[in-house]
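Okay, predicted coordinates and the sequence, questions at the end:
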Amino acid sequence: MPAKIKRFRLKPNADISSVPENSHLSFVNKKATRGFWKPLRGSVDVNIAFPEDLSEWNDFEYVLVLDNDFGQPYLPFYSYLNREINCFKFLAGVVEEYNSLMESLPYMEEVKEND
């Protein structure tokens, strides 16, 4: 089943005031002052952190997809970050849930290949 992990950026003038202050997400990035986590599938969660200076935010340094069973980044997700993949059902589900969550956040926009 083909899947593609979408890339995201903050919208210009993004309002993240609804994101709680959450400095314990410094394990995602030491500059994190706000953030949240959400389960994606099984024991895999996504942790999204934000620095004080939002111009520094990017979806590689401030988003961590974590396998809680191992306490490590969910490496299959990162292995396929910039390419279309034919992957096993579980990974496809993680990718689908990730894309859906990021698309639902009012302060995020997808980075299109032409951007």
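Ah, there it is.

which residues sit in contact with the residue nearest the centre of the chain?
Closest to where the C-alpha atoms of the chain average out (Cα atoms, centre = their mean) is Val63, at 4.0 Å. The contact partners of Val63, taken as Cβ atoms under 8 Å, 6 or more residues apart in numbering, are 28, 46-49. The C-beta positions use only the backbone N, C-alpha and C, and glycine is treated the same way.

Among those, which one lies nearest to Lys89?
Val46 (18.5 Å; Cβ to Cβ).

isn't there a helix covering the closest one?
No - assessed by DSSP: H, G, I helix; E, B strand; the rest coil, Val46 does not belong to a helix; its assignment is strand.

what sits against it?
So Val46 contacts 37-38, 40, 63-66, 98, 101 (Cβ under 8 Å, 6+ apart).

got those residues as CSV, with pLDDT, distance to Lys112 and secondary structure columns?
Shown next, in CSV, are the contacts of Val46 (pLDDT from 0 to 100; distance: Cβ to Cβ, whole Å; DSSP: H, G, I helix; E, B strand; the rest coil):
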residue, pLDDT, distance to Lys112, secondary structure
Trp37, 95, 27, strand
Lys38, 96, 24, strand
Leu40, 96, 23, strand
Val63, 96, 18, strand
Leu64, 96, 24, strand
Val65, 95, 21, strand
Leu66, 94, 27, strand
Tyr98, 96, 17, helix
Leu101, 97, 18, helix
